[in-house]
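# return atomic coordinates for the entry below.
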Amino acid sequence: MQRRRVLRPDAPLLRRAPGEVQVGTDPRWSVRLAGLDPDDEAWLRELASPSARRGAGAEQATTSGRRAALVRLLDEAHLLVPARRKRPDSPAPGKGEADLAVLSALRADGAGHRVLAARSRATVAVVGLGRLGAGLAVHLATAGVGTLVLGDPGAVLTTDVGVGAYRLRDVGSPRATAVQRLVGEVAPGVVTAVVPETGAGTVGYGAPPPDVVVVVEHGAADPGRVARLVGEGVAHLSVVVREADVVVGPFVRPGVDPCLTCVELHRADVDPCWPQLARQLRGRTLPAGEESLLAASAAAAALGQVLAALDGLVPRAATACIEIPAPDAVPRLRETSRHPRCGCGELARTPPDGAPLPMSGRRRGAD
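Numbers count the residues shown, from 1 in each chain. Sure, this is the predicted structure:
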């Protein structure tokens with residue numbers, strides 16, 4: 001049995017002039033309907049009202065030729081969606097109601113609750129819990145990611161406080177423990193676990209592997225830290241805090257996208273001295289702070305890339321690094337590609353045991 005369809009609850013119905021209405025305001029999908037008579041306008045208002053989601057839907061109007069034409073126009077614009085039957089099931093604050101309208105608007109079927117359901121089944125690891133990483137972890141919990149794995153051997157410093165995460169009471173506490181507490185206060189339904197780094201700085205994440213691992217570093221990215229992730233086919237996002245900017249990317253789906261080694265080899269082609277400069281940057285032991293604007297902006301950009309992947313989309317950082325500079329934090333894209341001397345492309349042809357690679361661009365958890 002076909003479910004009732006109504007006007008998208010996330011697209012406002014606005015009257016422009018007598019006989020003319022507009023559905024939605026976003027230029028990606030808003031439409032203008034002109035030449036309407038008063039009965040047509042009244043019918044559209046009814047179709048957009050909460051009562052329409054409990055009573056008659058658009059299908060009740062198809063007996064009239066004129067109304068049937070309106071239904072076809074609304075169908076072509078993807079503005080008719082099945083009436084929602086229940087609230088989403090999500091560990092996000094308020095069961096994800098704050099995010100539901102936007103997520104529904106971005107889907108042709110208006111089923112934002114399915115996106116929230118898929119996120120609730122996802123696991124994301126965040127390694128490096130300074131201001132940026134801690135803020136990202138809290139944002140992921142707020143967005144309804146069901147399980148967070150947290151990695152950082154350090155303690156909270158006074159310079160870590162603020163930017164949506166640590167409080168003064170957290171100073172001196174282990175960073176991972178403090179983030180666990182913060183996530184519990186924001187979204188108690190989110191599961192958290194702490195996994196320390198393992199041998200020689202290699203990123204650890206426990207078992208089973210997460211859907212995505214985010215690695216926050218300072219100075220220069222270290223491909224060696226994520227070698228295990230590449231070998232085991234685990235999607236990961238590099239975030240590097242530099243002098244006065246942050247680089248978000250690449251987002252690597254092993255065997256599908258350019259990896260960190262590709263980025264390093266391309267940079268060495270341009271600057272032959274880069275490998276030795278990078279080694280020096282990775283070896284610095286001075287305390288590394290994270291400036292407020294850059295930490296907040298980069299955490300938001302990283303959140304967008306992770307959620308895109310979890311929601312079944314291709315992250316923009318899969319083919320570009322997103323550079324976010326101070327003082328204006330307006331992102332710029334630096335495109336990247338596989339390097340001919342890197343063997344990461346072979347992973348696409350020889351996945352372990354013939355199994356599909358995780359996060360390879362297919363949609364996850366759509367039902």
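# how much space between His236 and Pro275?
To Pro275, His236 is 21 Å away according to C-beta to C-beta, to the nearest Å. In short, each C-beta sits where N, CA and C put it, glycine included.
# again, but for Ala301
27 Å.
# check Ala296 too.
32 Å.
# isn't Ala143 up against Val102?
No. Ala143 is beyond contact range of Val102, at 10.9 Å (criterion: C-beta atoms under 8 Å).
# which one's more surrounded, the two?
Ala143 (27 against 12; other C-beta atoms under 10 Å).
# for that one, what are its contacts?
92, 99, 119, 303, 307 (C-beta atoms under 8 Å, 6 or more residues apart in numbering).
# tell me how far it lies from Val161.
23 Å.
# Glu97 too?
30 Å.
# same check, this time on Arg341
44 Å.
# more neighbours, Ala296 and Pro275?
In this view Ala296 and Pro275 are compared by other C-beta under 10 Å, and Ala296 has more residues nearby, 20 against 13.
# and the spatially most central residue of the chain, what does it touch?
With distances taken as C-alpha atoms, centre = their mean, Leu307 lies nearest the centre of the chain, 1.8 Å away. Leu307 sits next to 119, 143 when contact means C-beta under 8 Å, 6+ apart.
# how about a cut-off of 6 Å?
Ala143 (C-beta atoms under 6 Å, 6 or more residues apart in numbering).
# can you tell me the SS state at it?
helix (DSSP: H, G, I helix; E, B strand; the rest coil).
# what's the mean pLDDT across stretch 238-250?
Averaging pLDDT along stretch 238-250 yields 97.
# so how far does it reach from one end to the other?
Its first and final residues considered, stretch 238-250 spans 6 Å by C-alpha to C-alpha, to the nearest Å.
# then Val124 would be within a helix, right?
No. Assigned with three-state DSSP, Val124 falls outside any helix and is strand.
# beta partners for it?
Following DSSP bridges, Val124 is listed with bridge partners Leu148, Val212.
# now the closest residue to Ala92 other than its chain neighbours, what's its secondary structure?
Leaving out its chain neighbours, the residue that sits closest to Ala92 by C-beta to C-beta, 6 or more residues apart in numbering is Gly144, at 3.5 Å. With three-state DSSP as the basis, Gly144 sits in coil.
# contacts only, for Gly144.
Neighbours of Gly144 in contact, by C-beta under 6 Å, 6+ apart: 90-92, 96, 116, 119-120.
# go again with 8 Å.
By C-beta under 8 Å, 6+ apart, the neighbours of Gly144 are 90-92, 96, 99, 116, 119-120, 187.
# the residues you listed into JSON lines, with extra columns for distance to Pro287?
What follows is the contacts of Gly144, written out as JSON lines (distance: C-beta to C-beta, whole Å):
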{"residue": "Ser90", "distance to Pro287": "37"}
{"residue": "Pro91", "distance to Pro287": "34"}
{"residue": "Ala92", "distance to Pro287": "34"}
{"residue": "Gly96", "distance to Pro287": "37"}
{"residue": "Asp99", "distance to Pro287": "36"}
{"residue": "Leu116", "distance to Pro287": "39"}
{"residue": "Arg119", "distance to Pro287": "34"}
{"residue": "Ser120", "distance to Pro287": "37"}
{"residue": "Ala187", "distance to Pro287": "30"}
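# show me where the stretch 51-200 of the chain has its strands.
When secondary structure is read from DSSP state E, counting those that start in this stretch, the stretch 51-200 of the chain shows strands at 80-82, 123-127, 147-151, 191-194.
# wait, what's in contact with Gly343?
So Gly343 contacts nothing (C-beta under 8 Å, 6+ apart).
# how near is it to Val230?
10 Å.
# what helix or strand is Ala221 on?
Under the criterion DSSP states H and E, no helix or strand holds Ala221.
# if you tally nearby residues, what's the number for the residue lying closest to Asp10 once chain neighbours are set aside?
The shortest distance from Asp10 to any non-neighbouring residue, by C-beta to C-beta, 6+ apart, is to Ala101 (3.9 Å). Residues contacting Ala101 under the criterion other C-beta under 10 Å number 15.
# over to Leu281?
Counted with other C-beta under 10 Å, Leu281 comes out at 17.
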